[in-house]
Every structure is written in structure tokens, then in C-alpha cells.
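Colleague: I'll drop the sequence and a predicted model, then ask my questions.
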Amino acid sequence: MRQRAGQGLLGRIQSIFRNRPVLAVAVSVVSLLLLTSAITITTPLRCGPARALGLTNIASGCVTVGAVLSGRPLAINPSPTSPHAIGTEPPPTGNPASGPYPPQGNGTSPGGPYPAFYAPASNGSVITPLPLDCRLPVYAGPPGSGGFVVFPGGSFIPDQSSSVTVPATSPTPPPVGGPGPGYGQPYGLSYDRQLSRWLPVQPSQVSPDGARYAYAGTNGIYVVNVASGTQSELGEGQNWTIVAVQTDAVYAGDPQAGGLWVLPFSGTPRQITKVGYWRVASKTAAYGTATSAVPSGASNVIQRLDLATGASSDWFTRAGTNSSITGLDGKGNPIINVGYLNGSGNEIWIATGATSATAIAGYSPQSPGGFNSFNTPVADSHGIWFAGNYGNGYGGGNASGLALYVQGSGFYWMSGYGAQLAGGCY
């Protein structure tokens, strides 16, 4: 009986192999079973195939995650357990952005969790490149150190035409150096996309249309027409800090006494407020602090100034930290560096309202890894570019380079070149 049963089974198998249509169906069924098993046990990458195959039990538990960059879809965020997507204590279901301000921290250490961070390889190289097709202007410090990080590929091309300085005919020489924006503003470099030339100032000192740039001398602010090279002086006889350059005016503050003025290219200067130390400004609001400093161990408060009314209000604070504004996102919201006073780490925040802010990245010596920005960020159509450091809290994987934050998708390590940003990627 066993022999007959074996012969019968063998005969049926041979019949299947002789009958090709039946064989194809059999192989397809086996493949489907294997694929179903694989989809069931893997990460959220199972969702796309599950929907395509009509596996409703699996697809019902999926959440659509995606973003479009330059008309092309980005990769779906990896699982939070992936070594390429690093967060701070992510929940079992994923690694979403931080909740509404304040975050899930105790006020004495970085809170998190943050959006997924696609970290560099151990040698600082890019693991998860985005499909960019543009040139990112950067510089290393002195005049002549500018060039472009070119995507795709991420190679660096130096540009000798970046050897530029402020006009030699300046009525008064500009100050040299300084500890940062708001305190003498050391000169940097920026690339004027509209006129295809390098300028001897930081991007925040260039008008949005690229037609003018401004720099502060010892007794006034000098505005240079980029096309003609001619310059004019505003606010004669006073020491200024440049807060922002718009298409029609320069917004400036007094580094000693505080306050904010608007100095139009044509017209009468106007004082908006007599108080406050303002660091950045959009077309509608400026952001800064009520005092130039706070006592050691005290937390400070970021304020918002309405440029139309002159009214100021508290905008952001975090217990046990010192906060500083580094720039604006594409919508004019302040980007804030938050440093914890006890040395437990730091974070990057975007504040969209008086009670609404989100931590988009952070670093703690005790965390698996993180990102720390050390330069003024630049927003463009792709997202927000940061120059900074990636660090692994357990002693490995440290690197300096450039990262891109894409809202709704995450932080992407884009280049291992340690440079400063001279503009957006065009």
C-alpha cells in the first residue's frame, strides 16, 4: 500500500511538471505564501506589498508615510531599530516627531523622541542619499574658500571666484571677527544665486532678491548694490548690529543699549522698539531676548516682536536650558538651539507659536546618537540645511558635515564635508 501511495504521489508530481499551466499556478501559490509570511514578520516596509496583494489584515495596520522632493518620492522611514534611523527612546510603533511643546522631557535633559535621523556611516559617508539635483554653496572660512557640494554624488567643487571682500572704498573699515551674530557679526561668504556671484557677507545679510547686501562698519551700515558695486550708508554715526536685510530696508539693533530700528534704502529711519536684543527677523516679526544675557544657571526666554505694532510677547522657553536663535525656517518660524545647563545635551527646535514648538533633533552623551548644529541654518525648497556634528553617545561614529531636515520625513546626513553654509541648494 505504501509503495502504491508513493507511486501515486510521484505520478501526480510528474503530471504537474508535464502540464506547464498547472505548474505556473503551483509556483505562484507557493511564492505568494512565502511572500505573505515574509511581509507579516518584517518592518513597516510590508505595507506597500500588502496593499498591492490585497492582504487587508496586514494593510489595515499600516500608516502611509512619505514625502516628495523635487517631484520624486523619498524612501520610507526605516524601522526605529534600524542602525540608519536613530532617535531617542522611540515608541514601539515608530519614531514620530516630538509632541506639542513642551516635549516629553523633564526640563533637565533632552526630551525627544525626534524625527528619524539617517546617520552617516562610521567613516562619515552618506548612507541614505536623497534624490537631489542641485549645487549647495559652502565655504571653509576665509575669502576664496568657497565652492559647491554637487548633488547627486555629493562631490565638492572649489570656486576661485569666492575670493571676495567688502569694497576697499568703505568710508570706515568694518570690524574684524566677533563671537557670532549679534556681537559684531564676523563676515562670511554667501552665494547670490540671482546674479551668480559670491558676496563677502553671511546669507542673512543679503536681500531676498539678491540685489543688495549690507555690512556694519564702526559708524554706520553700508549697503552695496551687487550689480553696480556702488554703496550707500545708513544710520550714520552709530554702531549697529544687522538683524535682517529685506528688499526695501535693513533691520538693525544697538548692541549696547538694545532696541530695533528699520533703516529704509530710501526714506526716514524709524525705531520699532526701544528694548530687546533681536537676532533674526522675517518680513513680519523679529525674534530675540529681553536682555543681552542672564545670570549663570538661569534659563532665558525667546521673545517675538511684531514689526507692524512694536508689541513683543514671550515665544519660547525651556526649563534648565539656555536658548539661542540661529535662523528661520521657510515659513519664517525661528530655529532655536537649546543647550541644557547641566551638560546633558542639546536640541534643535522650531517654534511655530507661543505654545507650539517641536524638537527636530538633539544630542545627549547618553543617547544612541544625535546631531548638533554649529552654524546658521539655511532654508530652501528642499528643507532646512544644517552644518554640524553627528555623535554616537557610546563613543563611535563621530563626524562633521552637512545635514538636511525634511519636514514629515526626517533628518538626512548629506555630506561629510565640514563647511559652513553660503546659501540654499539651487
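Modeller: The structure has been received and is ready for your questions.
Colleague: for the rest of this, base every contact and every neighbour count on C-alpha atoms.
Modeller: Will do.
Colleague: what's the neighbour count on Ser196?
Modeller: Look at Ser196: counted by other Cα atoms under 10 Å, it has 9 neighbours.
Colleague: roughly how far does it sit from Tyr215?
Modeller: 20 Å (Cα to Cα, to the nearest Å).
Colleague: what domains does the record give for the protein?
Modeller: According to automatic domain parsing, the chain comprises the domains 2-59, 75-163+276-426, 164-274.
Colleague: please name the nearest non-neighbouring residue to Thr352.
Modeller: Distances taken as Cα to Cα, 6 or more residues apart in numbering put Asn333 closest to Thr352, at 5.6 Å, once the chain neighbours are dropped.
Colleague: helices of the protein, residue ranges please.
Modeller: Here the chain has its helices, by DSSP state H, at 2-18, 20-41, 47-53, 56-59.
Colleague: state the mean pLDDT of the shortest one.
Modeller: When you say that, I think you mean helix 56-59. Throughout helix 56-59, pLDDT has a mean value of 36.
Colleague: ok, the third one next?
Modeller: Averaging the model's pLDDT scores along helix 47-53 yields 35.
Colleague: begin at 56 from now on, thanks
Modeller: All set: I'll call the first residue 56, so the last point we hit is now helix 102-108.
Colleague: before we move on, the earlier item: count of neighbours near the residue nearest to Thr407?
Modeller: Asn388 has 19 nearby residues by other Cα under 10 Å.
Colleague: what do you get for Val317?
Modeller: 23.
Colleague: with Asn430 instead?
Modeller: Using other Cα under 10 Å, Asn430 is surrounded by 16 other residues.
Colleague: from Val204, how far out is it?
Modeller: 17 Å.
Colleague: do I have it right that Ile415 meets Val393?
Modeller: No. Counting by Cα atoms under 8 Å, Ile415 does not reach Val393; the two are 11.3 Å apart.
Colleague: what sits in contact with each of those two?
Modeller: 402-404 (Cα atoms under 8 Å, 6 or more residues apart in numbering).
Colleague: what about Ala282, how many residues close to it?
Modeller: So Ala282, with other Cα under 10 Å, has 11 neighbours.
Colleague: next up, the contacts around it.
Modeller: The neighbourhood of Ala282, defined by Cα under 8 Å, 6+ apart, consists of 250, 266.
Colleague: mind running it again at 7 Å?
Modeller: Contact analysis of Ala282 by Cα atoms under 7 Å, 6 or more residues apart in numbering lists Ala266.
Colleague: could you do Ile182 as well?
Modeller: 175-176.
Colleague: ok, now how distant is it from Leu457?
Modeller: 13 Å.
Colleague: one more: Phe429?
Modeller: Taking Cα to Cα, one finds Phe429 at 11 Å from Leu457.
Colleague: coming back round to it: pick out the shakiest of the domains of the chain, pLDDT-wise.
Modeller: Across the domains of the chain, domain 57-114 gives the lowest mean pLDDT, at a mean of 37.
Colleague: hey, where'd the strands end up in the stretch 356-481 of the chain?
Modeller: Listed in chain order, the strands of the stretch 356-481 of the chain (DSSP state E, counting those that start in this stretch) span residues 356-361, 367-372, 376-383, 389-395, 401-408, 411-418, 425-428, 433-435, 438-446, 454-461, 465-470, 475-476.
Colleague: can I get the ones you listed in JSON lines with distance to Ala282 and mean neighbour count?
Modeller: Listed next are those as JSON lines, based on distance: least, Cα to Cα, whole Å; neighbours: other Cα atoms under 10 Å:
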{"stretch": "strand 356-361", "distance to Ala282": "32", "mean neighbour count": "22"}
{"stretch": "strand 367-372", "distance to Ala282": "37", "mean neighbour count": "19"}
{"stretch": "strand 376-383", "distance to Ala282": "27", "mean neighbour count": "22"}
{"stretch": "strand 389-395", "distance to Ala282": "31", "mean neighbour count": "24"}
{"stretch": "strand 401-408", "distance to Ala282": "35", "mean neighbour count": "21"}
{"stretch": "strand 411-418", "distance to Ala282": "38", "mean neighbour count": "24"}
{"stretch": "strand 425-428", "distance to Ala282": "33", "mean neighbour count": "24"}
{"stretch": "strand 433-435", "distance to Ala282": "23", "mean neighbour count": "19"}
{"stretch": "strand 438-446", "distance to Ala282": "27", "mean neighbour count": "23"}
{"stretch": "strand 454-461", "distance to Ala282": "31", "mean neighbour count": "23"}
{"stretch": "strand 465-470", "distance to Ala282": "32", "mean neighbour count": "25"}
{"stretch": "strand 475-476", "distance to Ala282": "23", "mean neighbour count": "26"}
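Colleague: would CSV of those strands with distance to Glu291 be doable?
Modeller: CSV is the format used below for the strands of the stretch 356-481 of the chain (distance: least, Cα to Cα, whole Å):
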stretch, distance to Glu291
strand 356-361, 25
strand 367-372, 27
strand 376-383, 27
strand 389-395, 30
strand 401-408, 35
strand 411-418, 39
strand 425-428, 35
strand 433-435, 30
strand 438-446, 35
strand 454-461, 39
strand 465-470, 43
strand 475-476, 31
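Colleague: which one of those lies closest to Ser164?
Modeller: strand 389-395 (6.3 Å; Cα to Cα).
Colleague: helices and strands around that closest one, which ones?
Modeller: Using 3 or more Cα pairs under 7 Å, 6 or more residues apart in numbering; DSSP states H and E as the contact test, the elements touching strand 389-395 are strand 376-383, strand 401-408.
Colleague: name the residues of stretch 194-211 that are buried.
Modeller: Judged by neighbour count (16 or more other Cα atoms under 10 Å), stretch 194-211 contains these buried residues: 194-195, 198-206, 209, 211.
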